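Colleague: Give me a model of this one.
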Amino acid sequence: MRRRSFLIVALVAMLSALIVGAPMASRAQESGKRRPSGERVLAIVGGDVYVGNGVVYRRGTVLCRGGKIEAVGPALIVPEGARVIDATGQRVLPGFVAPRGGNFGVRRGRPRGGEKFGDCLDADGMTAELALASGITTYYAAGRSRAISFDQTAIIKPAHRAPELMMVKEPAALELGWATASISDRGSLRTKLDAARKWIVAGKKGRAPATSSTIAALSRDIPVRIRAQTRAQILDAIALAKAYDFRLVLDDAHEAWTVAAEVAASGAIVVVQPRTRRWPSTGAEDSSGSTIECAAILEKAGARFCVLPPGGFGGRGEGIALGGIVGRDMLTYPLEAAFAIRGGASVDAALRAITLTAAEALGIEHRVGSLERGKDADIVIYPGDPFDYRVMPETTIVSGRVLYERTKSTLFGHLPPR
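Modeller: Sure, this is the predicted structure:
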């Protein structure tokens, strides 16, 4: 009898332990514990979700399935078996998009002439990890050329150790050296553009009179990028884009603030460098040169802008060159937007400059740049204000996969939590 009573007591104790332990197991699942690699559902809960279009959900949830964003909101039901990341007290942001990058995740010195970016990717390189450590999940890459028309371009995700996620689009833009081209080169380019436009209007019959990238630019499938630093060069580029109905991106447009209304009317997107100092022309101090207020003036006029470090992201000794100082400026990309804020731009416009507007400049706003249903699940989780120089991303997610966690990083895992 005593033995039977003992067994009954033991069984009751075991059942009680299971019942009490169930919530504990559930909480363990919500701690972000890694699940089997085949899992396809990810939920980020409890953080302040900045959608990227001006909407913010306090203590919101982002659900990702199959590499895409399934739902975003303040009170969503997390599917059974989902991997859950607790972002309580943190900010959940769209992955940052760079309007030009220094070939992060591409083999050094590549691509060479005639090569494609897709053949030169390096998912295991340190530059890819550094890009994710700065929150950059997508960027525009371009080779080097002095030709008036150039299309060795691509849109790449620096998906560290996930090469299958890296290539987004190639070629991604048609770059035109219009501002510095000779009269004869300009004439030849116009002749080709006119012939290609007529071929498109006629139904694309017969052999194309121009490259596929030129055809794509005339069809508005890819943007045209023109480096236009001065007021005159900017207006000249706008006139060309209007004549051929290009989707125009103005690179290094230091004097765009002097023609903000014209830029806004054209629909062009301006890439500004808030920290660049370009001295004004003598006697034209009020209508030339650079200013930290450029982004604010463009915003007030209704023009779109995105930002880069001085000199862009590539080139020896400038931007994120990685030529001598590893990670120079790569880890401070959001601070370029912070300098735009210092010049008077709004916080919303500054965040948009490194997310949705940059995605628009790349022509892939339907895929990245904001946390909206159907877009790629590219997400960065910050422990604080991304415009604070003391704060670094804790987690970076590319296409629904956690590819960077600061605490597990060999580069920054030693840093104390913010």
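Colleague: quick one: the strands in the stretch 251-400 of the chain?
Modeller: For the stretch 251-400 of the chain, the strands defined by DSSP state E, counting those that start in this stretch cover 269-272, 304-307, 379-382, 395-398.
Colleague: Make JSON lines out of these and add distance to Ala128, mean neighbour count and mean pLDDT.
Modeller: Just so you know, the C-beta spots here come from the backbone N, C-alpha and C atoms, and that holds for glycine as well. JSON lines is the format used below for the strands of the stretch 251-400 of the chain (distance: least, C-beta to C-beta, whole Å; neighbours: other C-beta atoms under 10 Å; pLDDT from 0 to 100):
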{"stretch": "strand 269-272", "distance to Ala128": "23", "mean neighbour count": "28", "mean pLDDT": "97"}
{"stretch": "strand 304-307", "distance to Ala128": "21", "mean neighbour count": "28", "mean pLDDT": "97"}
{"stretch": "strand 379-382", "distance to Ala128": "15", "mean neighbour count": "25", "mean pLDDT": "98"}
{"stretch": "strand 395-398", "distance to Ala128": "10", "mean neighbour count": "26", "mean pLDDT": "98"}
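Colleague: okay, Arg186: pLDDT?
Modeller: In this model, Arg186 is scored at 97, pLDDT.
Colleague: go on, Ile320?
Modeller: Looking at Ile320, the pLDDT reads 57.
Colleague: before we move on, what about Pro309?
Modeller: Looking at Pro309, its pLDDT is 89.
Colleague: Now do it: how many residues are near it, please.
Modeller: Neighbours of Pro309 under the rule other C-beta atoms under 10 Å: 25.
Colleague: State the distance from the nearest residue to Ala358 once chain neighbours are set aside to Asp151.
Modeller: Distances taken as C-beta to C-beta, 6 or more residues apart in numbering put Val97 closest to Ala358, at 3.8 Å, once the chain neighbours are dropped. Using C-beta to C-beta, to the nearest Å, we find Val97 at a distance of 20 Å from Asp151.
Colleague: Flag the shaky bits of this structure, pLDDT-wise.
Modeller: Applying pLDDT under 70 to the chain picks out residues 1-39, 314-329, 418.
Colleague: Spatially central residue for it, please.
Modeller: Centroid-nearest residue in the chain: Val97, 0.9 Å away (criterion: C-alpha atoms, centre = their mean).
Colleague: who's in contact with that one?
Modeller: The contact partners of Val97, taken as C-beta atoms under 8 Å, 6 or more residues apart in numbering, are Ile136, Thr137, Thr138, Tyr139, Ile354, Thr355, Leu356, Ala358, Ala359, Leu362, Val368, Gly369.
Colleague: quick revisit: SS state for the residue nearest to Ala358?
Modeller: Under the three-state scheme (DSSP: H, G, I helix; E, B strand; the rest coil), Val97 adopts strand.
Colleague: just Leu93 next, same as before
Modeller: Under three-state DSSP, the three-state class of Leu93 is strand.
Colleague: So in terms of bridging, what pairs with the residue nearest to the centre of the chain?
Modeller: Following DSSP bridges, Val97 is listed with bridge partners Thr138.
Colleague: Quick one: the helices in the stretch 251-400 of the chain, in order.
Modeller: Assigned by DSSP state H, counting those that start in this stretch, the stretch 251-400 of the chain shows helices spanning 260-266, 294-301, 333-342, 347-353, 356-362.
Colleague: among those helices, which is the most enclosed?
Modeller: helix 356-362 (a mean of 27; mean count of other C-beta atoms under 10 Å).
Colleague: name the helices or strands packed onto it?
Modeller: In terms of contacts (3 or more C-beta pairs under 8 Å, 6 or more residues apart in numbering; DSSP states H and E), helix 356-362 is packed against strand 96-98, strand 136-142, strand 269-272, strand 304-307.
Colleague: Swap in 6 Å and give it another go.
Modeller: strand 304-307 (3 or more C-beta pairs under 6 Å, 6 or more residues apart in numbering; DSSP states H and E).
Colleague: Need the residues that contact stretch 220-230.
Modeller: By C-beta atoms under 6 Å, 6 or more residues apart in numbering, the residues outside stretch 220-230 that reach it are 173-176, 178-179, 216-217, 234, 237, 246-255, 363.
Colleague: In helices, which of these appear?
Modeller: Here DSSP state H is the test, and the contacts of stretch 220-230 give Ala216, Ala217, Ile234, Ala237 as lying in helices.
Colleague: Distance of the closest residue to the first one other than its chain neighbours relative to Ala195?
Modeller: Looking back up the chat, that one is Ala216. In space, and not counting its chain neighbours, Ala216 is closest to Ile222: 4.6 Å by C-beta to C-beta, 6+ apart. According to C-beta to C-beta, Ile222 and Ala195 sit 19 Å apart.
Colleague: do the same with Ser188
Modeller: Counting by C-beta to C-beta - Ser188 and Ala195 are separated by 11 Å.
Colleague: what do you get for Ala162?
Modeller: Taken as C-beta to C-beta, the span from Ala162 to Ala195 is 42 Å.
Colleague: so the residue nearest to Ala216, which of the three states?
Modeller: Three-state call for Ile222 (three-state DSSP): coil.
Colleague: Phi first, then psi, for it.
Modeller: phi -130, psi 150 (degrees, to the nearest 10).
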